[in-house]
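>>> for reference, the sequence and a predicted model appear below.
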Amino acid sequence: MNHVRHVAFRRAPVFHPFFSSAAVESATATEHGWSPRVDVREEAGRFLILADVPGVALDGIEIQMDKNVLSIKGERKAYASEAEGTFTRVERTAGTFTRSFTLPESADAAGITASGRDGVLEIAIPKKAEAAPRRIVINAAG
């Protein structure tokens, strides 16, 4: 007897409350309607944002930090001009994009680094060292 097995895929849960849907500002799609898809991961010593930016020049991407909000801006240029021929189908969008993320208080804004390869932008946000609890000694007044 053959059984058909259905496999369902779902989005991975967001682990840090600051990166939840309420804190991650929605993708600001431009009039061209595109915004890079991102994965946000929390590791032991850092947060990691991976953004799909195929066809976007890395030197044209602007990453800014302002009041605990990390913003990524860039532009994907159109692939070919009309002088090179006529497209019979166009599904890839071009234009500008902006993504913004509210970072948790534990994020170390001064240590943020970014790199990119194979159409993926990687933004590493280190966590601040946690202050260890300390015991306060009471001095007895004589």
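Nice, thanks for sending it over.

>>> with adjacent residues omitted, what lies nearest to the residue nearest the centre of the chain?
Central residue of the chain (Cα atoms, centre = their mean): Ile49, 3.8 Å from the mean position. Excluding its sequence neighbours, the residue lying closest to Ile49 (Cβ to Cβ, 6 or more residues apart in numbering) is Ile123, at 4.3 Å. For glycine as for every other residue, the C-beta is placed from the backbone atoms N, C-alpha and C.

>>> may I have the secondary structure class of the one you found?
Look at Ile123: counting by DSSP: H, G, I helix; E, B strand; the rest coil, its state is strand.

>>> how about the contacts made by it?
Contact analysis of Ile123 by Cβ atoms under 8 Å, 6 or more residues apart in numbering lists 48-51, 63, 70, 72, 112-114.

>>> of those, buried ones?
49-51, 63, 70, 72, 112 (16 or more other Cβ atoms under 10 Å).

>>> sitting in strands, which of the residues you listed do you find?
49-51, 63, 70, 72 (DSSP state E).

>>> can you put the residues you listed in a markdown table and add pLDDT?
Formatted as a markdown table, those follow (pLDDT from 0 to 100):
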| residue | pLDDT |
| --- | --- |
| Ile49 | 97 |
| Leu50 | 97 |
| Ala51 | 97 |
| Ile63 | 97 |
| Leu70 | 96 |
| Ile72 | 96 |
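
>>> phi first, then psi, for Glu59.
Quick fix: residue 59 reads Asp, not Glu. Here is the backbone geometry of Asp59 (degrees, to the nearest 10): phi -70, psi -10.

>>> pLDDT weak spots in the protein?
Counting by pLDDT under 70, the chain contains low-confidence residues at 1-33, 80-83, 131-132, 142.

>>> how about the strands in this structure?
Using DSSP E, strands in the chain cover 28-29, 38-42, 46-52, 62-66, 69-76, 95-102, 113-117, 120-126.
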